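K.L.:
Give me coordinates for this.
(one chain, ligands or ions: 1)
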Amino acid sequence: MNYPAASSGELNPQCGIKTACSGAGKRCGFLSIFARGKRPMAIVKTKLKIYLFSKILEILTKRKIMKLKQSLQKCHEVLLESENIIICTHEKPDGDAIGSSLALYLYAVSLGKKATIVLNNPAPPNLVFMPAADKMILYDQSGNQQLFDEADAIFILDVGALARIGDVGLAIVKSGGKKVIIDHHEEPEDIADVICVDTAATATGEILYRLFQIGSNTALSKEIAECLYVSILMDTGSFRFDRTGSETHRIVAGLIGLGANPALLYDRVYNNRSLNSMRLEGLARATAELDLDGKFCSMLVRQEFFEETGANKYDTEGFVESMLSIKGVEAGVLITQNINIDNIENEEIRLSFRSKTISVRKVAMRFGGGGHKLAAGGKIYNRTIDEAKEIVLKAVGEFFANK
Ligand SMILES: [Mn+2]
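P.N.:
You can find the predicted model right below:
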């Protein structure tokens, strides 16, 4: 009997295992071993192991999806039960933080709820065009505790660690309201009544889209679609990052169908940088250096660069990604000096990592930070920027060595 051709190393459609045979009309490796009577049990065992492994994986994935569905359902129940909610996110909010906060705000208001977004730091200037952006308030330690005390529920978005919520975290902890975390970062802290984390999601906005599907009998508004679109657009690096898959595109297609305009939103978000920021990037790029056999790039933003260009701390947005466009570079760090003028002893150096291969999250955790495998951040205190670079290079070197 002849079997269909299977090229070397490909799955054979007849036996379902990788085969070493090639050419039309020949028996594949698996079946010919049976024919010749050589070690069939070993092959059967391997095949069985592969089958069992894939089944276990399937069950685990199904369980994960079920658990996620249940926690989304709980999130929605908390939202329906509450009359007065507060929405918080991480410090130095990005597009996902702001986009998802505004989307949840608009959704809650559409359900007749009272909602307040409390931010630790102001939204980046390129995001204040978004619907309801004027409704966000800045946290004021002396004046906002009552707001937190009166809230039935606090939704914590795009962050799962108290350390990354800033001063707002103190108010959250003191409040008696229910706490809900909706996030896509790994290992959330056990600080909430409901934790809804999907690390496979590209953005918190993606999880919110699914949350809103639970309760909405009517279509989401164009404004909510725009907020979710910006959140996904920015957290996927314009649909380039590794987790961007068919599910993300399906959700985005839904958002476009609801009225989100991709070209317009891209233009509002990205094509509005300041001349100061452009000049700051020029100075930073001139410091770029390669280490670890050309696999790791580092770039510095010295305090004097800010003074020279008149740029502010938000003007470094996007600098770190540019390093990955250098041929052969697998990961990079942007090291930003941020001297606290009032307390020169407490000089803060911010580290922002991006990677194509190694887990920079693990590196960032060494510096009191965290994030994703391929995008993470941390801080170093009381060192000069050049010392900080040496420290980071040493730590990253160890990770490359153990890869
Ligand atoms: Mn995010």
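K.L.:
how about G166, what does it touch?
P.N.:
H90, E91, N120, N121, Y139 (Cβ atoms under 8 Å, 6 or more residues apart in numbering). C-beta coordinates here come from the backbone N, C-alpha and C atoms, glycine included.
K.L.:
helix, strand or coil for it?
P.N.:
Here G166 is coil, with the state taken from DSSP: H, G, I helix; E, B strand; the rest coil.
K.L.:
Retrieve the pLDDT associated with it.
P.N.:
As predicted, G166 sits at a pLDDT of 89.
K.L.:
can you tell me which of the contacts of G166 are in strands?
P.N.:
Using DSSP state E, no member of the contacts of G166 sits in strands.
K.L.:
Let's see if you can find the most crowded of the residues you listed.
P.N.:
H90 (25 neighbours; other Cβ atoms under 10 Å).
K.L.:
need the contact list for that residue.
P.N.:
A97, N120, D158, V159, R164, I165, G166 are the contacts of H90 under Cβ under 8 Å, 6+ apart.
K.L.:
From those residues, list the buried ones, please.
P.N.:
Buried subset of those (neighbour count, 16 or more other Cβ atoms under 10 Å): A97, N120, D158, V159, R164, I165, G166.
K.L.:
Can you pull the phi/psi pair for the last one?
P.N.:
To tie it back to what came earlier, the one meant is G166. Dihedral pair for G166: phi 70, psi -150, per degrees, to the nearest 10.
K.L.:
Could you pull up the residues touching L147?
P.N.:
Per Cβ under 8 Å, 6+ apart, neighbours of L147: I86, T116, V118.
K.L.:
what helix or strand is the residue of the chain found nearest the ion on?
P.N.:
Closest residue of the chain to the ion, Cβ to the ion: D96 (3.4 Å). Element membership of D96, judged by DSSP states H and E, is helix 95-110.
K.L.:
Just the buried residues of that helix, please?
P.N.:
Those would be 95-108, 110, for helix 95-110 by 16+ other Cβ under 10 Å.
K.L.:
go on, stretch 212-221?
P.N.:
F212, L220, S221.
K.L.:
Spell out the residue ranges of the helices in the stretch 1-150 of the chain.
P.N.:
29-36, 40-81, 95-110, 145-150 (DSSP state H, counting those that start in this stretch).
K.L.:
In CSV, list these along with mean pLDDT and distance to V197.
P.N.:
Below are the helices of the stretch 1-150 of the chain laid out as CSV (pLDDT from 0 to 100; distance: least, Cβ to Cβ, whole Å):
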stretch, mean pLDDT, distance to V197
helix 29-36, 50, 42
helix 40-81, 89, 8
helix 95-110, 97, 13
helix 145-150, 92, 23
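K.L.:
quick one, strands of the chain?
P.N.:
Under DSSP E, the chain gives strands at 84-89, 114-119, 136-138, 153-157, 178-183, 194-197, 289-291, 296-301, 331-338, 348-355, 370-371, 375-381.
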